[in-house]
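[1] need coordinates for the following:
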Amino acid sequence: AQIATVARLYRGRVLAHRGDADTTVALASEFMPIARQIEDLQVLAPALVVAVIGHAAAGDTGAAVALAEEFDVATADGPTEYRELYLPEVVRALLGLGEPDLAARIVVDRPVHVRRTRLAVASSHAMLAEARGEPATAAEGFRTAAEGWGGWGGRFEHAHALVGLARSLEALGRADEAAD
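    As a prediction, this is how the structure comes out:
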């Protein structure tokens, strides 16, 4: 059951990012009960993330918020690779739903030592700065995140950081620089 659950949740993650919210939500209805029963953060944390982004993409704010709150509680005392590593996807989904306070509450300042996880935290802080209307802080954060993700090889988050940087530069009236 665990292998099938993990396969479903990562299929759902890919489909969610490809815009297939309905299939992601259907998959989440299958894998979430099992992920909760397993009670292992290496399964539960990504399952909750996929369920959050799927429900957010489907426009189901109530379900996405409830799942994000469950993610917050479930990962609060766990290892950073099961919380901080997934923050960009959760924060992006919550900000897209107009839930900046919950997004900010989930992004806590715990010691993070792994480069990839530090980059995830940096991306999340940049997104929150942008949401607070702080384009200079956001631009600096997105620039740092983009450079880091580019060097690390995380193309998905690298692309998001570059787009965030462009938005922030536009907000600062630096459209020429944003176009680069």
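[2] ok, and the closest non-adjacent residue to residue 2?
    Closest residue to residue 2 apart from its sequence neighbours, by CB to CB, 6 or more residues apart in numbering: residue 38 at 5.9 Å. In short, each C-beta sits where N, CA and C put it, glycine included.
[3] actually, residue 75.
    residue 83 (3.7 Å).
[4] OK, contacts around that neighbour?
    Counting by CB atoms under 8 Å, 6 or more residues apart in numbering, residue 83 makes contact with 45, 71, 75, 76, 110.
[5] tell me the SS of the most centrally placed residue in the chain?
    In the chain, the centroid-proximal residue (CA atoms, centre = their mean) is residue 89; its distance is 1.4 Å. The three-state label given to residue 89 by DSSP: H, G, I helix; E, B strand; the rest coil is helix.
[6] picking up where we left off before, phi first, then psi, for the residue nearest to residue 2.
    Dihedral pair for residue 38: phi -60, psi -40, per degrees, to the nearest 10.
[7] what's around it, how many residues?
    17 (other CB atoms under 10 Å).
[8] with residue 4 instead?
    11.
[9] also residue 174?
    Residues near residue 174, counting by other CB under 10 Å: 15.
[10] and the pLDDT at it?
    You'll see residue 174 listed with a pLDDT of 95.
[11] ok, it to residue 160 distance?
    19 Å (CB to CB, to the nearest Å).
[12] repeat that for residue 150.
    For residue 150, the distance to residue 160 - CB to CB - is 12 Å.
[13] and what of residue 95?
    From residue 95 across to residue 160, the span is 12 Å (CB to CB).
[14] and for the helix or strand bottoming out on mean pLDDT in the chain, what are the contacting residues?
    Least confident helix or strand of the chain, by mean pLDDT, DSSP states H and E, is helix 175-179 with a mean of 88. Contact partners of helix 175-179, identified using CB under 8 Å, 6+ apart, comprise 165, 166, 167, 169, 170.
[15] who's in contact with the first one?
    It refers to residue 165. Contacts of residue 165 (CB under 8 Å, 6+ apart): 139, 142, 143, 146, 178.
[16] can you pull out the helices in this structure?
    Along the chain, the segments classed as helices by DSSP state H run 2-17, 21-38, 41-57, 61-75, 87-96, 100-106, 115-131, 135-152, 155-171, 175-179.
[17] put the alpha carbons of the fourth one into CSV.
    Coordinates of the C-alpha atoms in helix 61-75 are reproduced here as CSV (Å, rounded to 0.1, in the frame of the first residue of the first chain):
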residue,chain,number,x,y,z
THR,A,61,-10.1,27.1,-0.9
GLY,A,62,-11.7,25.4,2.2
ALA,A,63,-10.1,22.0,1.5
ALA,A,64,-6.8,23.5,0.5
VAL,A,65,-6.7,25.6,3.7
ALA,A,66,-7.7,22.6,5.9
LEU,A,67,-5.0,20.5,4.3
ALA,A,68,-2.4,23.2,4.7
GLU,A,69,-3.3,23.5,8.4
GLU,A,70,-2.9,19.7,8.7
PHE,A,71,0.5,20.0,7.0
ASP,A,72,1.5,22.7,9.5
VAL,A,73,0.6,20.6,12.5
ALA,A,74,1.9,17.3,11.1
THR,A,75,5.3,18.7,10.1
